[in-house]
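Trainee: test case, fold it:
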Amino acid sequence: MFTLRLLVAFITLTIPALTLAAPALTPTMNGPRIRPYDGRVAAILVDGLRRSPTLRGLVERIEQGDVIVYLETRHALRKEHLSGLLTWLSATPTFRYVRVSLNPELSRNTAIAALGHELQHVLEVVSEPSIVDSTSLEAFYQQHGINMHRQNNGWDSQRARNAGNEVRRDLNGGRATHVLFETAHEIDPLVWTTAYQSARESGR
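Mentor: The predicted structure is shown next:
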């Protein structure tokens, strides 16, 4: 889902927020397209990749595109009653940059489903080269999105809703987990890329 300033994943739950400095927007052809800020959010992504074929499919398509995704937790989402949020950052001749924020108070499965919803929004950006700034992002969702302004949440898309639901179904087919995002295990940033690659290959 997306507002005039933001693209937002729409799974209505409450959340608090952590403010992080914006990353340096330096283009690089190497490294993953999805880049977690810390060990907790990295663990959520890796867990989701191992357990959800739908999430793996979204990630594989994003990895073929030109959008770099910075993944974080954000406590401020609690006040906005949101599970996730996609924010436009910047664009260069080589890459486009967005930030995906997740509510750290979500349960593990809900956080993974919210991530799937958000990554579908990222894929919508990947698939639309005309999106190069916040204005063109808004124009895209005005034409293709679902207007959520009555709930002060901007725009959503049916594909993102479907993706979140598919990820949740994948997870429900496995072992249920009620661990809170905030207390989830962490992945050492030094071994992040190894864990990420291994999780991406887990369904092959």
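
Trainee: going along the chain, name the strands of the protein.
Mentor: Using DSSP state E, the strands of the chain run over 34-36, 67-73, 84-91, 96-102, 146-147, 155-156.

Trainee: nearest to Ser134, out of these?
Mentor: Nearest to Ser134 among these is strand 84-91; the distance by Cβ to Cβ comes to 4.7 Å. To be clear about C-beta, it is placed using only N, CA and C from the backbone, and glycine gets the same treatment.

Trainee: next, the angle from that closest one to strand 96-102.
Mentor: 160 degrees (axes from the mean of the first three to the mean of the last three Cα atoms, to 10 degrees).

Trainee: still on that earlier bit, by mean pLDDT, show me the worst of the strands of the chain.
Mentor: For the strands of the chain, the weakest mean pLDDT is recorded on strand 146-147, namely a mean of 65.

Trainee: may I have stretch 61-80 as CSV, with CA atoms only?
Mentor: Provided in CSV are the C-alpha atoms of stretch 61-80 (Å, rounded to 0.1, in the frame of the first residue of the first chain):
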residue,chain,number,x,y,z
ARG,A,61,12.2,-12.0,-9.5
ILE,A,62,13.4,-9.0,-7.5
GLU,A,63,17.0,-10.3,-7.8
GLN,A,64,16.7,-10.1,-11.6
GLY,A,65,15.7,-6.4,-11.5
ASP,A,66,17.2,-3.0,-10.9
VAL,A,67,15.6,-2.2,-7.6
ILE,A,68,17.7,-2.2,-4.4
VAL,A,69,15.6,-2.9,-1.3
TYR,A,70,16.7,-1.8,2.2
LEU,A,71,14.9,-3.9,4.8
GLU,A,72,14.3,-2.5,8.3
THR,A,73,12.0,-2.6,11.3
ARG,A,74,10.1,0.6,12.1
HIS,A,75,8.3,1.1,15.5
ALA,A,76,6.4,4.2,14.2
LEU,A,77,4.1,1.9,12.2
ARG,A,78,2.3,1.1,15.4
LYS,A,79,0.7,4.5,15.4
GLU,A,80,-0.4,4.1,11.8
